[in-house]
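Participant: Provided below for reference: sequence and predicted model.
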Amino acid sequence: MNAPVGIPAGFRLKHDGSYVPESTIKPIDLARDQIVNEIVENAKQLNKRISEFKLNTFADVQAFIEMSAEQYGAKIGGNKGNVTLISFDGRYKIQRALADVITFDERLQAAKQLIDECIHTWSEGANANIRALVNDAFQVDKEGNISIGRVLGLRRLNITDEKWQKAMQAISDAIQVVGSKSYVRVYERVGDSDKWSAISLDVAGA
């Protein structure tokens, strides 16, 4: 194996930035280094192929949608909307899904304060479950993020208290769309049933 640019021939670069003569490195360490680099290289190539697959799939699906719309004299712009395509024999299904990425701004803190005030003024016994729901909704995960779904789920509670309604409005106002994510999912029908089995495109699920 040729030495990378900048590394003297016959030496290996260590993690601390120093150069070590290759002849002094234990065979097991060289073998470990080889297998790690081979796996990483394969992973990079696979990552590139998956990225190309995703781009090509979105382009193909969009082109088909536009071709289908032309039959009715309609023009479709952009890649908005979720679409499902099924093969003629009903064996395969492709789903293109687009979802907004949302977060909350500082107004969520105002909503939490109003909710806490509501619970404090209500009778304890009758609202123990609501308190548990609220506490759970505002818990953060390991990355410090609040569950969007749990917080938005509070708006479905049938509570007419004026302060609670103001808190729910604060939650709505705090929602910020910061981007979008696109997905493509491929399915194969399970035998002759109505069930579909996803063809996994990630390492963990393959």
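Facilitator: Arrived safely.
Participant: Which stretches in this protein count as helices?
Facilitator: Remark: helices assigned in the chain by DSSP state H are 27-70, 107-121, 128-137, 148-153, 162-174.
Participant: Which of the ones you listed comes out lowest on mean pLDDT?
Facilitator: Sorting those by mean pLDDT places helix 128-137 lowest, at a mean of 79.
Participant: Which other helices and strands does that helix contact?
Facilitator: Here helix 128-137 touches helix 107-121, helix 148-153, going by 3 or more C-beta pairs under 8 Å, 6 or more residues apart in numbering; DSSP states H and E. C-beta here means a position set from N, CA and C on the backbone, and glycine is covered the same way.
Participant: could you point out the longest strand in this protein?
Facilitator: When the chain is parsed with DSSP state E, its longest strand is strand 175-189.
Participant: Can you tell me what sits against it?
Facilitator: The contact list for strand 175-189 (C-beta atoms under 8 Å, 6 or more residues apart in numbering) reads 54, 57-58, 61, 79, 90-105, 195-199, 201.
Participant: Give me the angle between it and helix 27-70.
Facilitator: In terms of direction (axes from the mean of the first three to the mean of the last three C-alpha atoms, to 10 degrees), strand 175-189 departs from helix 27-70 by 90 degrees.
Participant: What pairs with strand 175-189, parallel or antiparallel?
Facilitator: Here strand 175-189 is paired, per DSSP bridges, with strand 92-104 (antiparallel), strand 196-198 (antiparallel).
Participant: could you check the angle helix 107-121 makes with that strand?
Facilitator: Using the same axes, to 10 degrees: strand 175-189 against helix 107-121 is 90 degrees.
Participant: in strand 175-189, what's buried?
Facilitator: Under the neighbour-count criterion of 16 or more other C-beta atoms under 10 Å, strand 175-189 has Ile175, Val184, Tyr187, Arg189 buried.
Participant: The nearest residue to Ala167 once chain neighbours are set aside: what's it in contact with?
Facilitator: The shortest distance from Ala167 to any non-neighbouring residue, by C-beta to C-beta, 6 or more residues apart in numbering, is to Leu114 (3.7 Å). Contact analysis of Leu114 by C-beta under 8 Å, 6+ apart lists Lys163, Trp164, Lys166, Ala167, Ala170.
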